[in-house]
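S.K.: structural data only, the sequence is not supplied:
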């Protein structure tokens, strides 16, 4: 089968495109999926560098990628809740940058939802909901979301606004109109960020979701009252790997499978109904995975990058 493989940590040059990779076989309780589309995420190249081994340990040779959309192709022993031919989206156990993959947690793909849109949902949707739940933000409160125009950030904005939460979101000036469309109050990145957030939320901020990193955690602590006063349980990051130094949670591990599956099923339904959307940036052939990761790492992509085997 076609697959992207790497056998050591490093830059994009360690990724190798293979056309004769072994097709994985499903074990008991597993299903194999013929992959139709793959979502590219920052964690893919962070894993390639070896930066997130504490959360995603690597066994070489490795196939990158966490999320996919595709069609169930083979059933392992004991599988009764899925059938060959079912269209699904979700996570893989064997790496998504491949023609075939063993599925992990999956949800049904609604009719009318494109493969590309379906593949863009699992990581962003699960991560956004997990962090919103972790920091306990609820209706009537105000959330500061750093990196609000990114894929995870924009999904979190939509979920939070729908739940009755006021969102102040940081982004580059070019993305402020987009954030307003999603229902957030935009503020610019850079020096003076805390002052701009305070001006946008004169009643104060109740929780902080850092989806971008870049040294924002001290600002988050200040927004919640300062060191010694801030409730750090109401701050979480998915981007700042030095979070423990500040006593803040780095959230990098998915939740319980049943809850994740239920949330993804609901989010896929919202996507096909048009009430939840992920902005798509570009679709590339699988053999251009290295370029896709370079684009993701550049930080200048507006929306989701998709690979197609």
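M.R.: Thanks, I have the structure now. What you are looking at is a predicted structure, and each value in this text was computed from that prediction instead of being measured.

S.K.: strands of the protein, start to end?
M.R.: With DSSP state E as the criterion, the chain has strands at 3-5, 16-18, 31-40, 67-75, 87-92, 100-108, 142-146, 166-171, 185-188, 207-210, 235-237, 249-250, 280-285, 304-308.

S.K.: mean neighbour count, mean pLDDT and distance to residue 133 for those - can I get that in a markdown table?
M.R.: All C-beta atoms are positioned from the backbone trio N, CA, C, and that covers glycine. Below are the strands of the chain laid out as a markdown table (neighbours: other C-beta atoms under 10 Å; pLDDT from 0 to 100; distance: least, C-beta to C-beta, whole Å):
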| stretch | mean neighbour count | mean pLDDT | distance to residue 133 |
| --- | --- | --- | --- |
| strand 3-5 | 25 | 98 | 33 |
| strand 16-18 | 15 | 97 | 38 |
| strand 31-40 | 26 | 98 | 21 |
| strand 67-75 | 23 | 97 | 19 |
| strand 87-92 | 25 | 96 | 18 |
| strand 100-108 | 23 | 95 | 17 |
| strand 142-146 | 28 | 98 | 12 |
| strand 166-171 | 26 | 97 | 16 |
| strand 185-188 | 20 | 98 | 22 |
| strand 207-210 | 28 | 98 | 11 |
| strand 235-237 | 26 | 97 | 10 |
| strand 249-250 | 18 | 93 | 12 |
| strand 280-285 | 16 | 96 | 26 |
| strand 304-308 | 23 | 98 | 23 |
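
S.K.: Throw these into a markdown table and include distance to residue 53, thanks.
M.R.: A markdown table is the format used below for the strands of the chain (distance: least, C-beta to C-beta, whole Å):
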| stretch | distance to residue 53 |
| --- | --- |
| strand 3-5 | 18 |
| strand 16-18 | 21 |
| strand 31-40 | 20 |
| strand 67-75 | 20 |
| strand 87-92 | 19 |
| strand 100-108 | 19 |
| strand 142-146 | 25 |
| strand 166-171 | 29 |
| strand 185-188 | 34 |
| strand 207-210 | 21 |
| strand 235-237 | 18 |
| strand 249-250 | 13 |
| strand 280-285 | 27 |
| strand 304-308 | 23 |
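
S.K.: nearest to residue 153, of those?
M.R.: strand 142-146 (5.7 Å; C-beta to C-beta).

S.K.: residues contacting the closest one, please?
M.R.: With C-beta atoms under 8 Å, 6 or more residues apart in numbering as the contact definition, strand 142-146 has outside contacts at 132, 135, 137, 153, 156-157, 160, 165-170, 184, 197, 201, 203-212, 216, 219-220, 223.

S.K.: could you rerun that using 7 Å?
M.R.: 137, 153, 156-157, 160, 165-170, 197, 201, 203-212, 216, 223 (C-beta atoms under 7 Å, 6 or more residues apart in numbering).

S.K.: do stretch 105-115 as well
M.R.: So stretch 105-115 is contacted by 36-37, 69, 86-91, 118, 257, 260-261, 264-265, 268-269, 271-272 (C-beta under 7 Å, 6+ apart).

S.K.: got it, and stretch 248-268?
M.R.: Outside stretch 248-268, the residues touching it (C-beta under 7 Å, 6+ apart) are 52, 55, 89-90, 105, 107-110, 113, 118, 121-122, 125-126, 129-131, 134, 217, 232, 235-238, 240-241, 243-244, 276.

S.K.: where do the helices of this protein begin and end?
M.R.: For the chain, the helices defined by DSSP state H cover 42-49, 115-119, 122-134, 151-162, 176-182, 193-200, 217-223, 257-273, 289-298.
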